[in-house]
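> Predicted model and sequence follow; I will ask about them next.
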Amino acid sequence: MGRTRQGGPGGIGLAGEAQRNSKASCPVCGGHDALVCLEVPGAPVVVGGLWKSREDALACPQGRIELAVCRSCAAVWNRAFDPALLDYGAGYDNALHHSPVFRKYERELAERLVERYALEGKDVVEIGAGNGHFLALLCERAGARGVGFDPAFEPEHGDPGLGAGVRMLRGLYGPEHASLPVDALVCRQVLEHVDEPHAFLASLRALLAGHGGGIGYFEVPNALLSLRDLSIWNVIYEHPVYYTTTSLAHLFRRSGFEVLDAREAYEGQFVSVDVRPAARADASPPPASEVGAVLAFAEGFRRHCEELTAGWRARLAELAAAGERAVIWGAGAKGVSFLNLLGIQGAVELAVDVNPRKQGTFLAGSGQRIVAPEALQSYRPKLVIVMNPIYEDEIRAQLRTLGVQARVESL
């Protein structure tokens, strides 16, 4: 991690930025009073790795999770996080744009940013740009110029839309790139991997301010999807910090940004902020009512976790005993977490994913083979468990096209 990319995959962290583990204190406000709502003794430290054999997948490195909620600002973080365990290596892939539902979300997001911030003909920088898909989409919509940064970028897997004023750089975005013009800075699904967010944001604020104070768009998973909606499968080791709209906006104000917009997005699965550099930092605490609401959700989450996992273990054991097959659909973070938290191997043999790079590899920690949807025509499962309910209609349509008759349930 700190050896090649600080804080997580996709250019998370600036070149030269030191990473350190601040487990005991809240990474957003520095508070020490927290409610522990989940403990996991062992979880795969990297969920997006492409494991080429079942043996390697089963032997993948694991780390401990001790999920805590700050009683002062409602930030959520893993107090047992150790950045030294993370080594993303080659072949990391967490792309979601193979889904038509997600592509629609990205198109609408690009249109909103272009229209609200008049990005036509401007210069855009994206940190953690993956294969450049969203950057190419945004720049095409705006007629803008774009530069994307990602240490894991592989030119052979670059988005077809790259080129014509959009380029990708394999590496970290840092002070040495201060001469690059930037009117808009995009950073999606990155900040949750950074265990020292203030240092990271301070550097980005300086870069934006150095170019006249452009806007920034930051997007992260929504912590309330776990705490409020009891989706424990969203908790993964790669994420040292989880945010609600309350704690995310508080982080940016404390880091010297003006928050122009803070919202839930993607049917509540993400939270995002639009920001620009402010004259000074604002350390005012967030509203007590908002913090209290998050803490109440955390109390319920703590009570229901064991009941939820026990129920799924029993159901899958019954199916296996009856000789009926179950598969999961979605070999991303939720799929890895679901099967590892349940300790499931034999009861579920396959994981389905539409990402062709994942097909033929194996799921971290639990070892299920990842297959294309077409494999279900011969496998004929009795139950398809959809890891993310937002894709259920899309998946049902694919199953009908394939002629696969199975019960479909979403987590």
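Thanks, I have it.
> so where do the helices sit in this structure?
Taking DSSP state H as the criterion, the chain contains helices spanning 54-58, 100-117, 133-142, 197-209, 224-227, 245-254, 288-321, 333-342, 376-379, 392-402.
> Could you save those helices as CSV and add columns showing mean neighbour count and mean pLDDT?
From N, CA and C alone the C-beta is placed, and that goes for glycine too. Formatted as CSV, the helices of the chain follow (neighbours: other CB atoms under 10 Å; pLDDT from 0 to 100):
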stretch, mean neighbour count, mean pLDDT
helix 54-58, 16, 95
helix 100-117, 16, 95
helix 133-142, 23, 95
helix 197-209, 20, 95
helix 224-227, 26, 94
helix 245-254, 24, 97
helix 288-321, 15, 93
helix 333-342, 25, 94
helix 376-379, 14, 98
helix 392-402, 15, 97
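> For these, give me a markdown table that also has distance to E66.
Output for these, formatted as a markdown table (distance: least, CB to CB, whole Å):
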| stretch | distance to E66 |
| --- | --- |
| helix 54-58 | 24 |
| helix 100-117 | 31 |
| helix 133-142 | 33 |
| helix 197-209 | 19 |
| helix 224-227 | 14 |
| helix 245-254 | 18 |
| helix 288-321 | 12 |
| helix 333-342 | 15 |
| helix 376-379 | 38 |
| helix 392-402 | 32 |
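> Which one of these lies nearest to R170?
helix 133-142 (14.0 Å; CB to CB).
> looking at the helices of the chain, which is closest to P27?
Short answer: helix 197-209, nearest of the helices of the chain by CB to CB, at 5.9 Å.
> Distance from that closest one to the middle of the chain?
Put simply, helix 197-209 sits 21 Å off its chain's centre (CA atoms, centre = their mean, to the nearest Å).
> Enumerate the positions of stretch 220-238 that are buried.
Residues of stretch 220-238 classed as buried by neighbour count (16 or more other CB atoms under 10 Å): 220-238.
> List phi and psi for A178.
Phi and psi for A178, reported as degrees, to the nearest 10, are phi -60, psi -20.
> likewise N355?
Per degrees, to the nearest 10, the backbone of N355 is at phi -80, psi 110.
> Could you find the closest non-adjacent residue to the one residue sitting closest to the centre of the chain?
Nearest to the geometric centre of the chain sits Q189, at 4.7 Å (CA atoms, centre = their mean). Excluding the flanking residues, the one nearest Q189 by CB to CB, 6 or more residues apart in numbering is E219, at 6.3 Å.
> any idea how far that neighbour is from I328?
E219 is 25 Å from I328, where distance means CB to CB, to the nearest Å.
> more crowded one of those two?
The neighbour count for E219 versus I328, taken as other CB atoms under 10 Å, is higher for I328 (27 against 21).
> separation between the more buried one and L411?
I328 is 9 Å from L411, by CB to CB.
> Give me the common contacts of these two.
Common neighbours of I328 and L411, using CB atoms under 8 Å, 6 or more residues apart in numbering, are 338, 385-387.
> Please produce JSON lines containing the residues you listed, extended by distance to P160.
Shown next, in JSON lines, are those (distance: CB to CB, whole Å):
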{"residue": "F338", "distance to P160": "32"}
{"residue": "I385", "distance to P160": "32"}
{"residue": "V386", "distance to P160": "28"}
{"residue": "M387", "distance to P160": "27"}
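> and which of those residues is nearest G300?
Among the shared contacts of I328 and L411, and counting by CB to CB, the member closest to G300 is F338, at 19.8 Å.
> per-domain residue ranges of the protein.
Following automatic domain parsing, one finds the domains of the chain at 1-314, 315-410.
> Lowest average pLDDT across those domains?
Ranked by mean pLDDT, the domains of the chain bottom out at domain 1-314, with a mean of 88.
> Any idea how far that one is from the middle of the chain?
Using CA atoms, centre = their mean, the offset of domain 1-314 from its chain centre is 6 Å.
> and T309, what does it touch?
So T309 contacts 232, 341-342 (CB under 8 Å, 6+ apart).
> got it, and Y379?
Contacts for Y379 (CB under 8 Å, 6+ apart) come out as 325, 327, 350, 371.
> Tell me how far the last one lies from R280.
What it means is V371. Relative to R280, and taking CB to CB, V371 is found at 54 Å.
> Of the two, which one has the most company?
Neighbours were tallied for V371 and for R280 using other CB under 10 Å; the higher tally belongs to V371 (20 against 7).
> For the more buried one, which non-adjacent residue is spatially closest?
Among residues not flanking V371 along the chain, L350 sits closest, at 5.4 Å (CB to CB, 6+ apart).
> same deal with R407?
L383 (5.0 Å).
> contacting residues for that neighbour?
Taking CB under 8 Å, 6+ apart as the test, what L383 contacts is 319, 324-327, 406-409.
> what sits opposite it in the beta ladder?
Judged by DSSP bridges, the bridge partners of L383 are A326, R407.
> coming back round to it: right, and the helices of the chain - which one's nearest A184?
Of all these, helix 100-117 comes closest under CB to CB, at 6.4 Å.
> list the helices and strands the closest one packs on?
Applying 3 or more CB pairs under 8 Å, 6 or more residues apart in numbering; DSSP states H and E, one finds that helix 100-117 makes contact with helix 133-142, strand 184-188, strand 270-277.
> Just put the ones you listed in JSON lines and tack on distance to G256.
Formatted as JSON lines, the helices and strands packed on helix 100-117 follow (distance: least, CB to CB, whole Å):
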{"stretch": "helix 133-142", "distance to G256": "25"}
{"stretch": "strand 184-188", "distance to G256": "14"}
{"stretch": "strand 270-277", "distance to G256": "6"}
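> To H32, which of those lies closest?
strand 270-277 (24.4 Å).
> Could you pull up phi and psi at the residue in the chain sticking out farthest from the centre?
For the chain, the largest distance from the centre (CA atoms, centre = their mean) belongs to A322, which lies 36.1 Å off. Here is the backbone geometry of A322 (degrees, to the nearest 10): phi -90, psi 0.
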